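> build me a model:
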Amino acid sequence: MSQHLLSYINSPYDLRQLTEAQLPLLSKELREFIIDVVATKEGHLGASLGVVELTIALHYVFNTPEDLLVWDVGHQAYGHKILTGRRDVFHTNRQLHGISGFPKRAESEYDVFGTGHSSTSISAVLGMAMASYLKGETTKQHIAVIGDASIASGMAFEGLNHAGVTNANMLVILNDNAIGIDPSVGALKEYLTKVKTNPKLAEHNIIKSLNFNYSGPIDGHNLPALIKELQRLKKIEGPKFLHVITTKGKGLKQAEEDQITYHAPGKFDKLTGERIKKEFSEPMPPKYQDVFGHTIVELAEQNPKIIGITPAMPTGSSLKYMIEKFPDRAFDVGIAEQHAVTLAAGMATQGMIPFCNIYSTFLQRAYDQVIHDVALQKLPVIFCLDRAGLVGKDGATHHGAFDIAYLKCIPNLIVFAPRNEIELRNILYTAQLGLDAPIAIRYPRGNGTTVNWQQPFETITIGKGTTLTTGTTIALLSIGTITKNVSQAIDNLQAEHEKVSHYDMRFVKPLDTQLLHDIFLHHKAIITIEDGCISGGFGESVLAFANAHNYTQQVYTLGIPDAFIEHGNTAFLQEICKIDVVSIKEKIIEIITQTQIES
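As a prediction, the model looks like this:
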């Protein structure tokens with residue numbers, strides 16, 4: 001792999017010393033470098049390959065970091081990171097103590113705004129541009145790069161709407177490749193497709209009507225054309241909009257042909273592009289998302305009122321199976337979490353049974369809708385919260401750390417966390433039988449524990465936990481799939497095993513108060529364990545229960561501490577949070593020893 005030019009680029013200043021004639025070679029080297037590293041270290045591939053030329057052109061024309069550049073979401077920012085002083089540490093991308101997979105202010109002065117969730121760039125850049133104007137910094141440039149999927153989000157339109165009535169010196173670049181993680185959807189996507197081929201639409205388009213100086217569409221892989229247009233726009237004052245056409249996965253045949261898979265393909269052969277698949281001698285337990293995806297299809301075959309909804313994650317959530325089987329009853333609404341929740345609420349008013357599948361970290365973006373449009377009206381929407389808990393290498397922007405805390409305070413809302421695939425399957429079945437309130441079901445990223453998970457359905461009693469083991473001294477109360485770690489820790493106790501009881505509480509809300517009374521009456525100490533934040537979490541609900549009923553035992557709460565947990569392997573992150581098997585075992589022994597001393 002040739003890196004003759006790239007090896008000399010330690011900052012955009014170095015890049016700007018090159019001639020334009022050298023830039024095509026640099027783009028080839030940069031693309032090869034990204035492929036070479038991601039092939040073995042994994043990460044988001046297709047998005048960054050698609051903007052190699054655009055990345056080089058932006059840093060070549062604009063005086064970054066003095067000129068401010070924001071990458072929406074950040075999936076496409078690998079080239080940006082490599083050109084801004086992180087080439088030699090790029091192999092640590094998304095690894096524990098390595099660089100982040102997304103732009104991060106604390107990591108580099110070139111990452112002027114942290115991203116990870118979509119559609120924030122236009123508002124952020126507008127804020128920067130308005131601040132520059134107030135400070136008298138009249139020559140500073142402000143650029144937002146946003147994809148065609150992200151620009152369809154409501155927040156992006158809010159930013160465009162405001163920017164169009166300002167004199168902000170800002171440039172919005174639409175990176176239009178007709179795909180986000182899954183193919184882009186909606187009327188705006190269809191409109192952008194027409195703009196590409198119809199000069200009249202390009203001349204009289206929706207962006208111009210919002211008072212932006214519109215240019216394009218132009219080929220995003222044509223470096224001379226990009227540089228020429230960016231240099232022209234640099235001299236124009238006020239809000240500007242450049243429509244750039246790119247190909248996601250550009251430069252790797254498989255990534256161009258299978259853009260969904262090669263968004264984040266895992267390990268692959270850097271020469272052939274073929275994915276390296278793990279071989280297993282025995283059947284593997286399914287991913288939790290697939291348990292949801294296959295189960296909802298099974299239920300929908302029997303219940304015509306079931307509806308599936310997801311905001312732009314049909315593959316990641318596995319709602320794709322229902323979309324394929326029942327296209328009239330399953331909907332990808334694009335990156336529009338607020339709309340997804342209220343759409344589900346509207347359907348629920350008419351007797352439908354909507355399953356609204358949203359990643360835990362993205363439901364945060366629709367919090368008001370959960371409260372105002374669903375819970376306040378007591379509409380039986382079924383929220384399926386994928387990627388709850390620690391998600392691993394995507395890091396702080398994607399961990400589902402806060403859902404228990406932000407949901408359990410909402411009146412009328414049931415909150416459930418299955419400990420395994422069978423429990424998830426059964427709560428999905430129970431929910432569609434007809435609840436008189438909304439329910440949130442949280443489950444993690446990755447594979448479960450049960451190969452033979454497609455058991456006959458059983459109804460789960462709302463608000464009831466289960467006893468897993470009984471002992472004499474301390475009680476462990478777990479919620480969700482972290483129960484596996486707790487069970488393993490207890491199994492490793494050997495002689496102390498008989499002193500420990502273990503309860504899967506299942507419901508964060510309503511709590512099983514009858515079971516809790518029994519637990520407090522028969523144990524000397526209590527430990528709660530959750531893979532959500534301790535602050536405001538399940539453990540604090542147990543503490544509040546103990547206080548309300550004058551129980552005096554010590555209650556120890558284990559979970560995610562009051563901090564943003566960084567990226568890394570999930571097992572390592574559990575160790576950091578002290579909710580791994582070894583840490584739980586050590587805590588149990590510590591409390592048993594302390595209890596013996598006190599007695």
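> low-scoring pLDDT stretches of the stretch 101-250 of the chain, where are they?
199, 202-204 (pLDDT under 70).
> now the strands for it?
Counting by DSSP state E, counting those that start in this stretch, one finds strands in the stretch 101-250 of the chain at the ranges 142-147, 171-176, 213-219, 240-245.
> which parts of the protein belong to which domain?
Split into domains by automatic domain parsing, the chain comes to 6-263, 288-442, 466-598.
> those domains: which one's closest to Glu282?
Proximity to Glu282, assessed across those by C-beta to C-beta, is greatest for domain 288-442 (16.3 Å). To be clear about C-beta, it is placed using only N, CA and C from the backbone, and glycine gets the same treatment.
> now do the closest one, average pLDDT.
Per-region confidence: domain 288-442 scores 97 on mean pLDDT.
> what's the first-to-last distance across that domain?
By C-alpha to C-alpha, to the nearest Å, the extent of domain 288-442 from end to end equals 10 Å.
> for Asp258, grab the count of nearby residues.
A count of neighbours around Asp258, defined by other C-beta atoms under 10 Å, yields 15.
> residues in contact with it?
Going by C-beta atoms under 8 Å, 6 or more residues apart in numbering, Asp258 touches no other residue.
> how about Gly50?
Gly50 sits in contact with 76, 175, 177, 220, 246-250, where contact means C-beta under 8 Å, 6+ apart.
> look up how far Val37 lies from it.
According to C-beta to C-beta, to the nearest Å, Gly50 and Val37 sit 17 Å apart.
> now Lys267
Where Val37 is concerned, Lys267 sits at a distance of 11 Å (C-beta to C-beta).
> then Ala475?
48 Å.
> the two: which is more packed in?
Legend: neighbour count by other C-beta under 10 Å for Ala475 and Val37, higher for Ala475 (25 against 20).
> what helix or strand is that one on?
strand 474-478 (DSSP states H and E).
> can I get the buried part of the contacts of Gly50 as one PyMOL selection?
Restricted to buried positions by 16 or more other C-beta atoms under 10 Å, the PyMOL selection for the contacts of Gly50 reads:
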select buried, resi 76+175+177+220+246+247+248+249+250
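> out of the domains of the chain, nearest to Thr459?
Nearest of those to Thr459, taken as C-beta to C-beta: domain 288-442 at 5.2 Å.
> and that closest one, how far out from the chain middle?
Chain-centre distance of domain 288-442: 15 Å, with C-alpha atoms, centre = their mean, to the nearest Å.
> possible to save the contacts of Gly50 as JSON lines with distance to Val297?
Formatted as JSON lines, those follow (distance: C-beta to C-beta, whole Å):
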{"residue": "Gln76", "distance to Val297": "33"}
{"residue": "Asn175", "distance to Val297": "34"}
{"residue": "Asn177", "distance to Val297": "30"}
{"residue": "Gly220", "distance to Val297": "38"}
{"residue": "Thr246", "distance to Val297": "35"}
{"residue": "Thr247", "distance to Val297": "33"}
{"residue": "Lys248", "distance to Val297": "28"}
{"residue": "Gly249", "distance to Val297": "29"}
{"residue": "Lys250", "distance to Val297": "35"}
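> out of the contacts of Gly50, which is nearest to Glu107?
So of the contacts of Gly50, ranked by how close each gets to Glu107 (C-beta to C-beta), first place is Gln76, at 16.4 Å.
> next, the residue nearest to that closest one when sequence neighbours are not counted: secondary structure please.
Nearest residue to Gln76, sequence neighbours excluded (C-beta to C-beta, 6 or more residues apart in numbering): Ala47, at 3.9 Å. For Ala47, the assignment made with DSSP: H, G, I helix; E, B strand; the rest coil gives helix.
> distance of Ala47 from Leu319?
The gap separating Ala47 from Leu319 is 22 Å, by C-beta to C-beta.
> tell me the contacts of the nearest residue to Thr84 once chain neighbours are set aside?
Setting aside the residues directly before and after it, Thr84 is nearest to Tyr110 in space (C-beta to C-beta, 6+ apart), at 3.9 Å. Neighbouring residues of Tyr110 by C-beta under 8 Å, 6+ apart: 12, 64-65, 69, 80, 84-85.
> how about Glu282?
The contact partners of Glu282, taken as C-beta under 8 Å, 6+ apart, are Val451.
> and the residue nearest to Pro418 when sequence neighbours are not counted, its phi and psi?
The shortest distance from Pro418 to any non-neighbouring residue, by C-beta to C-beta, 6+ apart, is to Leu424 (4.1 Å). When read as degrees, to the nearest 10, the backbone of Leu424 gives phi -60, psi -50.
> in this structure Leu516 contacts Ala544, no?
No: contact criterion C-beta atoms under 8 Å: Leu516 and Ala544 do not qualify, at 10.8 Å.
> which one's more surrounded, the two?
Ranked by neighbour count (other C-beta under 10 Å), Leu516 and Ala544 place Leu516 first, with 22 against 12.
> grab the nearest non-local neighbour of the more buried one.
Distances taken as C-beta to C-beta, 6+ apart place Phe545 nearest to Leu516, at 5.6 Å, with adjacent residues excluded.
> that's a strand at that neighbour, yeah?
No: assigned with three-state DSSP, Phe545 falls outside any strand and is helix.
> number of residues surrounding it?
Neighbours of Phe545 (other C-beta under 10 Å): 17.
> go on, Ile236?
12.
> ok now do it, which residues does it touch?
Ile236 touches Asn213, counting by C-beta under 8 Å, 6+ apart.
> excluding its backbone neighbours, what's nearest Asn485?
The shortest distance from Asn485 to any non-neighbouring residue, by C-beta to C-beta, 6+ apart, is to Val581 (5.0 Å).
> so the one you found touches Asn492, yeah?
Yes: Val581 lies in contact with Asn492 (C-beta under 8 Å); the separation is 7.0 Å.
> between these two, who's got more neighbours?
Neighbour totals were compared for Val581 and Asn492, and Val581 leads with 19 against 14 (other C-beta under 10 Å).
> what about Thr461, neighbour count?
Residues near Thr461, counting by other C-beta under 10 Å, number 10.
> my guess is Thr40 contacts Lys267. True?
Yes: here Thr40 reaches Lys267: they are 6.2 Å apart, a contact under C-beta under 8 Å.
> how about stretch 227-245: buried residues?
For stretch 227-245, burial by neighbour count (16+ other C-beta under 10 Å) applies to 227, 229-230, 233-234, 238-245.
> mind telling me the two of those farthest from one another?
Taking C-beta to C-beta, no two of these sit farther apart than Gly238 and Ile245, at 23.9 Å.
> what does stretch 479-498 rub up against?
Here stretch 479-498 makes contact (C-beta under 8 Å, 6+ apart) with 288, 388-389, 404, 417-420, 442-444, 448-449, 468-469, 471-472, 476, 478, 500, 502, 504-506, 508, 528-531, 538, 574, 579-582, 584-585, 588-589, 592.
> same thing with stretch 223-234?
With C-beta under 8 Å, 6+ apart, stretch 223-234 has contacts from 20, 23-24, 27, 53-54, 56-58, 60-62, 141, 171, 213, 215-216, 218-220, 240, 242, 244.
> neighbours around the closest residue to Lys320 other than its chain neighbours, how many?
Excluding its sequence neighbours, the residue lying closest to Lys320 (C-beta to C-beta, 6+ apart) is Pro314, at 4.3 Å. Using other C-beta under 10 Å, Pro314 has 25 neighbouring residues.
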